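[1] Structure of the sequence below:
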Amino acid sequence: MIIIDKYIHRIIELMSQYHGYKIDELSSSNKNISSWCLVKEKGKCADLIVFSSKLIINDEAQWVIQQFRHKENYEGNINLSNIALLDQSKIKNKEELTDILSNNLGSINYVLLDYKQNVILKYNNELSDLEKELSTCILKIRENSNSKKINVTPVTLTLIIINVIMYLITVIISGPGHIINSDINVLIFLGAKVNSLIKDGEYYRLITSMFLHGGIIHLALNMYSLYIIGPLIEKLYGKIKFTLIYFIGGITASLFSYLFSPSVSIGASGAIFALLGAALVFGIKMRKNIGKEFLRSIFSVIVINLIIGFSIPNVDNFGHLGGLIGGTITSLLFKITKIKD
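    Presented below is the predicted three-dimensional model:
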């Protein structure tokens, strides 16, 4: 219950801060119901939100209303909503979730919230406004968690290491005068995308070009982007699907560059755009659970990066578009069955 209580307190703080709810406390506690609640008065009516470790039944709902009326000496109408905090991993299947709902619900409005995965599982249609308010709070909790600590996941870390090693090899072969900017001839030797060589059968360049960079700034920007977006996509899709999205998106980026750009091309940005495409697909598929703010944020990042790319010379924009398309299509083929923490 300690973890649940901490989560409830965080939700209550955010609902109060961003959505104008007042924090209240019930005069006595029930073992399944938190003593803390939220209230928003609207004329002669009050919206009362109570938190619990499982869905409350009608008798418990009446108990909550009586406690609130007695404590606040409130005589107006009360619209009670129950936010039940569950652990989705302990629910075996959809049938069990249906049983939980049918055994506990009467006329009570409810929101099922997985406090471990930080996601809304189900809610009454009548509570669509509350669902939106909760979604913004959930995103704030995630943002706060990510700002404190970003766990670099195994595949993402491996990809970063490979890119750094390839850059060090490029610098060593290029010589001490090329620490900041790579020698173009060395990049071609190591596997940059060169259309004429690919046409002659050197198809491996569609992959090797993903791990080469034109300079220390080019490498740093791409690796920082991978460090930020990589762990999220790896957790959402899992290691294997993440790897497939990254490589298929990267190869698609190289193919688009080969088809539409005659220039020598290198860099991981095409594969990173593929990861942004995967995030976009996740946001679309799970918009009812996580709200539309995540979707809007990812879409904005994609648009801004494309605009920047088209505004700056010597950027392989066709590679970026190819990566985005490849990552999006690949992600659409994958079924998201679980949102990982």
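
[2] for stretch 178-185, how far is the first residue from the last?
    Stretch 178-185 has its terminal residues 12 Å apart, counting by Cα to Cα, to the nearest Å.

[3] Buried residues, that stretch. List them.
    For stretch 178-185, burial by neighbour count (16 or more other Cβ atoms under 10 Å) applies to 178, 182-183. Bear in mind the C-beta positions are built from the backbone N, C-alpha and C, glycine included.

[4] Return the residues in contact with the residue nearest the centre of the chain.
    The residue lying closest to the centre of the chain (Cα atoms, centre = their mean) is Leu232, at 5.8 Å. The contact partners of Leu232, by Cβ atoms under 8 Å, 6 or more residues apart in numbering, come to Ala279.

[5] From Ala279, how far off is it?
    7 Å (Cβ to Cβ, to the nearest Å).

[6] residue boundaries of the helices in the stretch 51-200 of the chain?
    For the stretch 51-200 of the chain, the helices defined by DSSP state H, counting those that start in this stretch occupy 58-72, 94-104, 128-148, 154-174, 184-190, 195-199.

[7] of all those, which lies closest to Ile298?
    Among those, helix 128-148 comes nearest to Ile298, with 11.9 Å by Cβ to Cβ.

[8] neighbouring contacts of the closest one?
    With Cβ under 8 Å, 6+ apart, helix 128-148 has contacts from 10-11, 14-15, 18-19, 49, 81, 83, 111, 113, 118-120, 123, 290-294.

[9] Recalculate using a threshold of 7 Å.
    Contacts of helix 128-148 with the rest of the structure, by Cβ atoms under 7 Å, 6 or more residues apart in numbering, involve 10-11, 14-15, 18-19, 81, 111, 118, 120, 123, 290-291, 293-294.

[10] Next: stretch 61-68.
    Contacts of stretch 61-68 (Cβ under 7 Å, 6+ apart): 26-28, 30, 33, 48, 50, 74, 78, 80, 108.

[11] can I have that stretch written out in CSV, keeping just the CAs?
    Only the C-alpha atoms of stretch 61-68 are listed here, as CSV (Å, rounded to 0.1, in the frame of the first residue of the first chain):
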residue,chain,number,x,y,z
ALA,A,61,-19.9,4.6,-2.3
GLN,A,62,-22.7,5.6,0.1
TRP,A,63,-20.3,5.4,3.0
VAL,A,64,-17.9,7.8,1.2
ILE,A,65,-20.7,10.2,0.4
GLN,A,66,-22.0,10.2,4.0
GLN,A,67,-18.5,10.8,5.4
PHE,A,68,-18.0,13.8,3.1
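
[12] tell me which residues in that stretch are buried?
    For stretch 61-68, burial by neighbour count (16+ other Cβ under 10 Å) applies to 61, 63-64, 67-68.

[13] Quick one: mean pLDDT for it?
    Average pLDDT, stretch 61-68: 89.

[14] remind me which residues of the stretch 1-150 of the chain are low pLDDT?
    Applying pLDDT under 70 to the stretch 1-150 of the chain flags residues 1-3, 27-29, 91-107, 125-126, 145-150.

[15] How is the chain partitioned into domains?
    2-148, 154-333 (automatic domain parsing).

[16] so what's Val264 up against?
    184, 188, 192-194.

[17] Try it again at 8 Å.
    Contacts of Val264 by Cβ under 8 Å, 6+ apart are 184, 187-188, 192-194.

[18] what's the answer for Ile56, then?
    By Cβ under 8 Å, 6+ apart, the neighbours of Ile56 are 32-33, 50, 64, 82, 84, 104, 108.

[19] mind redoing it with 7 Å?
    Ile56 is in contact with 33, 82, 108, counting by Cβ under 7 Å, 6+ apart.

[20] Ramachandran coordinates for it?
    phi -80, psi 160 (degrees, to the nearest 10).

[21] What's the separation between it and Gln117?
    22 Å.

[22] pLDDT below threshold where in the stretch 201-341 of the chain?
    Looking at the stretch 201-341 of the chain by pLDDT under 70, you get 289-291, 335-341.

[23] If we use 50, what do you get?
    337-341 (pLDDT under 50).

[24] for it, what spans make up the helices?
    205-208, 216-237, 239-260, 269-285, 287-290, 293-311, 317-333.

[25] For Val152, which of those is the nearest?
    helix 216-237 (5.9 Å).

[26] Could you save the helices of the stretch 201-341 of the chain as CSV and add columns showing distance to Glu41?
    Formatted as CSV, the helices of the stretch 201-341 of the chain follow (distance: least, Cβ to Cβ, whole Å):
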stretch, distance to Glu41
helix 205-208, 62
helix 216-237, 39
helix 239-260, 47
helix 269-285, 35
helix 287-290, 29
helix 293-311, 27
helix 317-333, 45
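
[27] before we move on, the earlier item: tell me the most buried of the domains of the chain?
    domain 154-333 (a mean of 19; mean count of other Cβ atoms under 10 Å).
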